[in-house]
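> Fold the stuff below for me.
(one chain, ligands or ions: 1)
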Amino acid sequence: MVAGTLPAPWARRDAALTDTTIAIRPERPSDYAEIHTFVRTAFETAKVAGGDEQCFVDRLRASGGYLPDLALVATEGDRIVGHVMATRTAIDTPTGRREILLFAPLAVAFDHRRRGLGARLTRDVLERGRVGGFDAVTLVGDPAYYGRFGFRPASDFGVANTNGIPDRYVQMLELVPGALAGVVGTITYVT
Ligand SMILES: CC(C)(COP(=O)(O)OP(=O)(O)OC[C@H]1O[C@@H](n2cnc3c(N)ncnc32)[C@H](O)[C@@H]1OP(=O)(O)O)[C@@H](O)C(=O)NCCC(=O)NCCS
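Numbering: from 1, shown residues only. Prediction:
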């Protein structure tokens, strides 16, 4: 961080988010089967779920947008207790495709919730994405949860979606301040 500037909201850290028994690392092929089961189980207790988030993970991994360094697991010993993915997507603009990240999905084991692990995974993958050269990220999710990281409605940025998803659930975050200034277009979310 440059001296004298404030940290970005998604980069904020506090002591409650530091749990030294939990490690975060990129997923490996040997994790895939466990992740499939983990994500299915985690979404059984989600506020909103489509029922096939575990297959969505598999589809994202098989897609051209997969970024192995931005698919993370949180582990406690040998057990996976959290998972998050960010993959390559784009805003279709009148002047071409503007590449950004898609943040989805995020899952934390039921017995590890409300201890900051979801926030830790979110901040970690966003920071890795920024370091990897991405300057903005989008997601479809609950604004009550994601607002704390600085996500705002995509419509604030002049970005619509072609899937018919209500604007308030379609959110965006600039990883580099001002990155989306003047960008107008549409996103088609993979399903
Ligand atoms: C959403 C989820 C990842 C949060 O993980 P977590 O480790 O509990 O998150 P944190 O500890 O960082 O934050 C917990 C806080 O977020 C709140 N929260 C969790 N899910 C929320 C939601 N959908 N909407 C609003 N707030 C939510 C909790 O009430 C808690 O608030 P509090 O700190 O004021 O008590 C976890 O609940 C989960 O895996 N749910 C099932 C899968 C899911 O819904 N994924 C998100 C959609 S992609």
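> What residues sit buried inside the longest strand anywhere in the chain?
For the chain, the longest strand by residue count, based on DSSP state E, is strand 79-93. Buried residues in strand 79-93, counting neighbours by 16 or more other Cβ atoms under 10 Å, are found at 80-91. Heads up, the C-betas are built off the backbone N, CA and C, glycines and all.
> nearest residue to whatever residue of the chain ends up closest to the ligand other than its sequence neighbours?
Using Cβ to the nearest ligand atom, the single residue of the chain nearest to the ligand is Gly118, 2.6 Å away. Leaving aside its chain neighbours, Gly118 sits nearest to Val108 (4.9 Å; criterion: Cβ to Cβ, 6 or more residues apart in numbering).
> Report the secondary structure state of Phe38.
Following DSSP: H, G, I helix; E, B strand; the rest coil, we place Phe38 in the helix state.
> my bad, should have said Gly65
Strictly by three-state DSSP, Gly65 counts as coil.
> Compute the distance between it and Ala8, please.
As judged by Cβ to Cβ, to the nearest Å, Gly65 and Ala8 stand 23 Å apart.
> again with Leu117
Taken as Cβ to Cβ, the span from Leu117 to Ala8 is 20 Å.
> starting at the chain centroid, how far to the helix or strand in which Thr75 is found?
Secondary structure assigned from DSSP states H and E places Thr75 in strand 71-76. Distance of strand 71-76 from its chain centroid, counting by Cα atoms, centre = their mean, to the nearest Å, is 14 Å.
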